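Asker: 3D, please:
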Amino acid sequence: MRPIIEFCTNNMHHGTDKLMKALESNPEYDVIEYGCLGNCGECYLFPFALVNGEIVAAETAEGLDEAIQAKIKEIEAMFDLLGE
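Answerer: I've put the predicted structure just below:
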């Protein structure tokens, strides 16, 4: 299972641009940048991304990295339970 991590171009002012570049270098992730993800409230207020379609957010870009990693582990654990 390759997680799909989606970023909004309009959210880059929170420092998510550096995080996105770092995640892109990991061949185990599919990282996509969109002009807009349609989550303007979250986008304006704090760093966020979508991981497999679910919103993951934090107060800082560093916190977002940690939240993304936690979400990926949660998804992997669910797949392990289902035997997929």
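
Asker: so the residue nearest the centre of the chain is in which element?
Answerer: If you average the C-alpha coordinates of the chain and look for the closest C-alpha using C-alpha atoms, centre = their mean, you land on Ala49, 3.7 Å from that point. For Ala49, the enclosing helix or strand under DSSP states H and E is strand 48-51.

Asker: cool, and Lys71?
Answerer: Assigned by DSSP H and E, Lys71 falls within helix 61-82.

Asker: Now do the buried residues in that helix.
Answerer: For helix 61-82, burial by neighbour count (16 or more other C-beta atoms under 10 Å) applies to 61, 64-65, 67-68, 71-72. All C-beta spots, glycine's among them, are computed from the backbone N, C-alpha and C.

Asker: Most widely separated two among those?
Answerer: Comparing all pairs in those by C-beta to C-beta, the longest separation belongs to Ala61 and Ile72, at 16.6 Å.

Asker: so who does the closest residue to Val51 other than its chain neighbours touch?
Answerer: Of all residues beyond its chain neighbours, the one nearest Val51 is Lys71 (4.5 Å), with distances taken as C-beta to C-beta, 6 or more residues apart in numbering. Lys71 sits next to 51-52, 54, 56 when contact means C-beta atoms under 8 Å, 6 or more residues apart in numbering.

Asker: mind running it again at 7 Å?
Answerer: Remark: with contacts taken as C-beta atoms under 7 Å, 6 or more residues apart in numbering, Lys71 is in contact with 51, 54, 56.
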